[in-house]
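In: Starting from these lines, generate the structure:
(one chain, ligands or ions: 1)
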Amino acid sequence: MSAKIYYDKDADLSLLNDKKVVFLGFGNQGSAQAQNLRDSGIPNDNILIANRQDSYAETAKSKGFHVEHDFGKAAAVADVLFILVPDQVQPRIFNNDFAPKLKSSVTIVVASGYNVFYKLLNFTSTQDVVMVAPRMIGSSVRSLYEAKKGFPCFVSVEQEGSGNALSIALAISRAIGATKTGAIASSAREETAMDLFAEQALWPQIIMLFREAFSVLKEAGCSDEALCYEMWMSKEPAEIFERAAEEGFITQLKHHSSVSQFGQLSGALALDGAEVRSHFKNILYNQVLNGKFCQEFSKIEQDLEKDGPENPLNELYRKAESSEMGQAEKRVRDRLAGMI
Ligand code: NDP
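Out: Predicted structure coming up:
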């Protein structure tokens, strides 16, 4: 299955002429995307940052943006609304403060599929809802734009209100610099499935593999120091992934020694992935796509703002850090910092 890719030539920036563009949030993505949009020629007077009165708002002001603290007022003037606050707070802020005041013709832009796929935001049927989802952290969205390079991004129309939602989505993508190297046609479902799958299926396996590998090698007499450096602190894995992105997931192996290439390829091909595949499918269908994780996460979401052990995330960190590998790494890092 191949996806359509949109470039600058597919996008007409003039569709944003005279539109009031409101950014809800001026954090990682908000600050980067608002600055890129302005540098693409959208007049500063047509851009409004909606943010509570605090340091993010001060940063926006220091960069010359108009800032509105009253979310209802910001909502009422928006022709395009970027929702760029953390995913878990979007339903509350959007549904309570923005939705009742928004124009019926507004284009709503999300940078992640989560709340749209799980239907947590209340849109009216005349509104366009589009996804423009950079595959980059905000600082890179900005620095790549400044370097006149693009960044990978997913784009989709999630609800057609105006009859012109795709063209507006592409204009927005171009304005933030996302069509320079190509914005890939996707969907909230696809973005959410891949994102949550990586977080809940793939990376947990990788963390577990490192933990168990550490334990087996330690049992065989390897030192904590040697293991930490061998496995990640040397940054070799980071370099391998960098090469994989640039040259190819398998092709990058050619930079390794023959012993290494032979070991990696013959070892991987000999592994039967059936059990992992079945586990992966279970996570994808019975945890991600059926909304089970989303429902469970929404029950604990408020607790994530608590301090101490009442915060479930703190508990998970405590357990993970108390593992053999976590403790060993702490000792090594303390020693390197000259603390013991
Ligand atoms: P941030 O955590 O950087 O958002 C910070 C902004 O949200 C600030 O303006 C902050 O203002 C505001 N905010 C936070 N909590 C609240 C609250 N309770 N009420 C009102 N405002 C609040 O978000 P990101 O930029 O990381 O993420 C925004 C969107 O972009 C998400 O949908 C995310 O999935 C997506 N995305 C993020 C990427 C990333 O690299 N971070 C990559 C691609 C997509 P204040 O606290 O001052 O009110």
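
In: and Ser258, how many residues sit next to it?
Out: Neighbourhood size, Ser258 [other CB atoms under 10 Å]: 8. The C-beta positions use only the backbone N, C-alpha and C, and glycine is treated the same way.

In: excluding its backbone neighbours, what's nearest the residue most central in space within the chain?
Out: Closest residue to the average C-alpha location of the chain: Arg135 at 6.2 Å, with CA atoms, centre = their mean. In this structure, Arg135 finds its nearest non-sequential neighbour in Pro152, 4.2 Å apart by CB to CB, 6 or more residues apart in numbering.

In: Return the residues of the protein in contact with the ligand.
Out: By CB under 6 Å from any ligand atom, the residues of the chain that approach the ligand are 25-30, 51-52, 54, 56, 84-87, 89, 93, 111-112, 133-134, 137-138.

In: which residues sit in contact with the residue in the chain that the ligand sits nearest to?
Out: For the chain, the residue closest to the ligand is Gly27, as judged by CB to the nearest ligand atom, at 2.1 Å. Counting by CB atoms under 8 Å, 6 or more residues apart in numbering, Gly27 makes contact with Tyr56, Leu84, Val85, Pro86, Gly138.

In: Turn those into TSV, columns for neighbour count.
Out: Shown next, in TSV, are the contacts of Gly27 (neighbours: other CB atoms under 10 Å):
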residue	neighbour count
Tyr56	18
Leu84	26
Val85	22
Pro86	13
Gly138	18
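
In: Please report the number of neighbouring residues for the closest residue to Ala74 other than its chain neighbours.
Out: If the residues on either side of it in the chain are set aside, Ala74 comes closest to Ala50, at 3.7 Å by CB to CB, 6+ apart. By other CB under 10 Å, 31 other residues sit near Ala50.

In: Look at Glu305 and report its pLDDT.
Out: Per-residue confidence (pLDDT) for Glu305: 86.

In: got the domain boundaries for the protein?
Out: 5-186, 191-339 (automatic domain parsing).

In: For those, state which one has the densest average packing.
Out: domain 5-186 (a mean of 19; mean count of other CB atoms under 10 Å).

In: ok, which stretches of the stretch 51-200 of the chain are helices?
Out: 55-62, 71-77, 90-93, 114-117, 138-146, 165-175, 188-197 (DSSP state H, counting those that start in this stretch).

In: what would those helices look like in a markdown table with mean pLDDT?
Out: Output for the helices of the stretch 51-200 of the chain, formatted as a markdown table (pLDDT from 0 to 100):
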| stretch | mean pLDDT |
| --- | --- |
| helix 55-62 | 97 |
| helix 71-77 | 98 |
| helix 90-93 | 95 |
| helix 114-117 | 98 |
| helix 138-146 | 97 |
| helix 165-175 | 98 |
| helix 188-197 | 98 |
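
In: and Cys206, what helix or strand is that in?
Out: One thing to correct before we go on: residue 206 is Ile, not Cys. Ile206 is part of helix 203-219 when elements are defined by DSSP states H and E.

In: From Lys299, how far off is Ile283?
Out: If you measure Ile283 against Lys299 using CB to CB, to the nearest Å, the figure is 19 Å.

In: go on, His256?
Out: His256 sits 46 Å away from Lys299, going by CB to CB.

In: before we move on, what about Leu217?
Out: From Leu217 across to Lys299, the span is 39 Å (CB to CB).

In: Ser104 now?
Out: From Ser104 to Lys299 the distance is 33 Å (CB to CB).

In: And for Val67?
Out: Separation of Val67 from Lys299 (CB to CB): 34 Å.
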